[in-house]
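*Asks:* below are the sequence and a predicted model; questions follow.
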Amino acid sequence: MRQIKITQIRSAIDTRERTKRTIRALGITRLHVPVIKPDHPAIRGMIRKVKHLVKTENVESHESA
């Protein structure tokens, strides 16, 4: 399964409460500390809502067969 690495690069201090809750729902707790989430439409939608605050990268998962 594909995964996405999400890193918050800008502060959410002066943003709407809904944006802060989206950042928290993604599992982000601090600036510049990446989290890895599965790549599916719900996560992509949350990222789209906070794209001005985060940086994303695709991660290749190494699963053994």
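*Replies:* It's in.
*Asks:* any idea of the pLDDT on Glu60?
*Replies:* The per-residue pLDDT reported for Glu60 equals 83.
*Asks:* for the one 3 residues further on, same thing?
*Replies:* What the model reports for Glu63 is a pLDDT of 64.
*Asks:* shift numbering so it begins at 19
*Replies:* Yes, from this point I'll number from 19; that puts the last item at Glu81.
*Asks:* low-confidence ranges in this structure?
*Replies:* 79-83 (pLDDT under 70).
*Asks:* and the helices in it?
*Replies:* 35-43, 59-67 (DSSP state H).
*Asks:* the last one to helix 35-43, inter-axis angle?
*Replies:* In terms of direction (axes from the mean of the first three to the mean of the last three CA atoms, to 10 degrees), helix 59-67 departs from helix 35-43 by 130 degrees.
*Asks:* helix 59-67 packs against which elements?
*Replies:* strand 21-26, helix 35-43 (3 or more CB pairs under 8 Å, 6 or more residues apart in numbering; DSSP states H and E). For every residue, glycine as well, the C-beta is placed using N, CA and C.
*Asks:* deepest of these, which one?
*Replies:* Among the helices and strands packed on helix 59-67, ranked by average contacts under mean count of other CB atoms under 10 Å, first place goes to strand 21-26 (a mean of 17).
*Asks:* so who does Lys23 touch?
*Replies:* 52-54, 74-77 (CB atoms under 8 Å, 6 or more residues apart in numbering).
*Asks:* quick revisit: pipe the helices and strands packed on helix 59-67 into CSV and attach distance to Ile61 per row.
*Replies:* Output for the helices and strands packed on helix 59-67, formatted as CSV (distance: least, CB to CB, whole Å):
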stretch, distance to Ile61
strand 21-26, 7
helix 35-43, 10
